[in-house]
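K.L.:
got a predicted structure plus its sequence, pasted below:
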Amino acid sequence: MADQHEVFEAGAASLAVPSLRWEEPPEGPVLVLLDQTRLPAEEAELVCTDVPALVQAIRTLAVRGAPLLGIAGAYGVALAAARGFDVDDAAEALAHARPTAVNLGYGVRRAAAAYRAAAAGGAGAEAAAAAALAEARAVHAEDAEASKRMAAHGLALLGELLPGGGHRILTHCNTGALVSGGEGTALAVALAAHRAGDLRRLWVDETRPLLQGARLTAYEAARTGMPYTVLADGAAGSLFAAGEVDAVLIGADRIAADGAVANKVGSYPLAVLAGYHHIPFVVVAPTSTVDLETEEGADIEVEQRPGHEVTEFPVPYVRGAGAEAGAGTAVAPLGAQAYNPAFDVTPPELVTAIVTEAGVVSPVTRDGLAVMCSTSRWS
Ligand code: MRU
């Protein structure tokens, strides 16, 4: 099993500092987050000493993205245990901090189960807390390994779908090292293609309203030397029409048993465009994102976020104007109503393939997904 240092090394090329790390200073254990709301203006860290601080960081998207939410949730339980807080309360608060990414509950449950099993076996508070921490480290390391495997499976799939090389890949939101124990999901596949000399262009949707594409994916693409171009979300259609996109690669926050994919709002329109233009639409996510207990897409709870994220320019970054200048700048009349779902759901018939660490499902079927999830994670 990789240790925390090796885990960071796996994603190191994309990041100046790890997106999350556990530390044990003399004052007591802490979870240190790279504050993603400050990127790319600054690589600021946020130190969480308790679960309410971590819940707040999750809600404000200082720590975000499905796989990383699972890792953060697991460390959050370990933090509560190590600091002597009620683990059941902590697990409840963490698991419900955001509703859509199923990985959050997955990580929380694993660490809480390890804690409870140790306590039930007669372990004292310290040993039970150590068991929760060991499980959080395992969730972290497994995600790094899953990331490597998804990159390999995804690269092979691209080779089959686009035999000529020179791929022009469109991506949405942020799916790289910032959201993973390793190099990510969809962005890890793009990075693998880049390293193989097969990436001609990474088209980066800006991803309104919180700009995860323009701020975060572009940050990672720049750091890893990928040839990238940022576009306004509304420009994607003209890019397809011009024949400039060979494949769409996105991540997922929850994949229902029927293969419907919840991902950052704006993913579904890309799937419709890709279908119309006969371009592969590929979803890359670990099996921890597949939720076989959610029957179909309509059952997925989509997080609704505050309207001010749409009516105000939300990012604390304006080129050349200092980190605070852009925060909360209104872009709509005072009092304007806003519709702000954080995610949308793409039906399985629009998804060409789902790539996980266990392999590739294509065409996307209920049975295919179930079989893949029932086989070994590492097959
Ligand atoms: O609201 P966010 O920024 O947490 O949304 C993240 C996404 O939608 C990602 O595309 C998804 O979690 C996949 S990350 C590998």
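P.N.:
All right, it came through fine. Keep in mind that this is a model prediction, so the values were computed, not measured.
K.L.:
quick one: the helices in the stretch 151-300 of the chain?
P.N.:
Taking DSSP state H, counting those that start in this stretch, the helices of the stretch 151-300 of the chain run over residues 186-195, 218-224, 236-241, 267-276.
K.L.:
what's in contact with the longest strand seen in the chain?
P.N.:
If you go by DSSP state E, the chain has its longest strand at strand 199-205. For strand 199-205, contacts defined as C-beta atoms under 8 Å, 6 or more residues apart in numbering pick out 166-173, 190, 193-194, 213-214, 217-218, 221, 226-231, 233, 236, 239, 244-245, 266, 270. Glycine gets a C-beta too; all of them are placed from N, C-alpha and C.
K.L.:
so which of those residues also contact the ligand?
P.N.:
Among those, the ones lying near the ligand by C-beta under 6 Å from any ligand atom are Cys173.
K.L.:
could you turn the buried ones of the contacts of strand 199-205 into a PyMOL selection?
P.N.:
Buried subset of those, written as a PyMOL selection, criterion 16 or more other C-beta atoms under 10 Å:
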select buried, resi 167+168+169+170+171+172+173+190+193+194+213+214+217+218+221+226+228+230+231+233+236+239+245+266+270
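K.L.:
related to what we said a few turns ago, same list, the helices of the stretch 151-300 of the chain, but as CSV with distance to Ala132 and mean pLDDT please.
P.N.:
Shown next, in CSV, are the helices of the stretch 151-300 of the chain (distance: least, C-beta to C-beta, whole Å; pLDDT from 0 to 100):
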stretch, distance to Ala132, mean pLDDT
helix 186-195, 28, 98
helix 218-224, 30, 96
helix 236-241, 43, 98
helix 267-276, 34, 98
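K.L.:
quick one: average pLDDT of stretch 278-295?
P.N.:
Stretch 278-295 shows a mean pLDDT of 97.
K.L.:
for it, buried residues please.
P.N.:
Neighbour-count burial for stretch 278-295 flags 279-291, 294 (criterion: 16+ other C-beta under 10 Å).
K.L.:
who does Val360 bridge with?
P.N.:
Applying DSSP bridges to Val360 gives these bridge partners: Val355.
K.L.:
swap that for Leu31, please
P.N.:
Beta bridges link Leu31 to Trp22, Cys48, judged by DSSP bridges.
K.L.:
hmm, back to that, and of the helices of the stretch 151-300 of the chain, who's closest to Arg305?
P.N.:
Among the helices of the stretch 151-300 of the chain, the nearest to Arg305 by C-beta to C-beta is helix 267-276 (15.8 Å).
K.L.:
send me that closest one as PDB with only the CA atoms.
P.N.:
Provided in PDB are the C-alpha atoms of helix 267-276 (Å, rounded to 0.1, in the frame of the first residue of the first chain):
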ATOM      1  CA  SER A 267     -22.100  17.800 -18.900                       C
ATOM      2  CA  TYR A 268     -25.500  16.800 -20.300                       C
ATOM      3  CA  PRO A 269     -25.500  19.400 -23.100                       C
ATOM      4  CA  LEU A 270     -22.100  18.200 -24.100                       C
ATOM      5  CA  ALA A 271     -23.400  14.600 -24.300                       C
ATOM      6  CA  VAL A 272     -26.300  15.800 -26.600                       C
ATOM      7  CA  LEU A 273     -23.800  17.700 -28.800                       C
ATOM      8  CA  ALA A 274     -21.500  14.700 -28.900                       C
ATOM      9  CA  GLY A 275     -24.400  12.400 -29.800                       C
ATOM     10  CA  TYR A 276     -25.500  14.700 -32.600                       C
END
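K.L.:
that one packs against which elements?
P.N.:
helix 236-241, strand 247-250, strand 281-284, strand 343-346 (3 or more C-beta pairs under 8 Å, 6 or more residues apart in numbering; DSSP states H and E).
K.L.:
show me what from the stretch 1-150 of the chain comes close to the ligand.
P.N.:
Counting by C-beta under 6 Å from any ligand atom, the residues of the stretch 1-150 of the chain close to the ligand are Leu61, Arg64, Gly65, Ala66, Pro67, Ala101.
K.L.:
tell me which residue is most central in this protein.
P.N.:
Nearest to the geometric centre of the chain sits Gly65, at 2.7 Å (C-alpha atoms, centre = their mean).
K.L.:
what's near enough to touch it?
P.N.:
When contacts are counted by C-beta under 8 Å, 6+ apart, Gly65 touches Ala101, Asn174, Thr175, Leu178, Val179, Ser180, Gly251.
K.L.:
redo that, cut-off 7 Å
P.N.:
For Gly65, the contacting residues are Asn174, Leu178, Val179, by C-beta atoms under 7 Å, 6 or more residues apart in numbering.
K.L.:
separation between the nearest residue to Thr49 once chain neighbours are set aside and Leu46?
P.N.:
Ranked by C-beta to C-beta, 6 or more residues apart in numbering and with sequence neighbours excluded, the top spatial neighbour of Thr49 is Val30, at 5.4 Å. From Val30 across to Leu46, the span is 10 Å (C-beta to C-beta, to the nearest Å).
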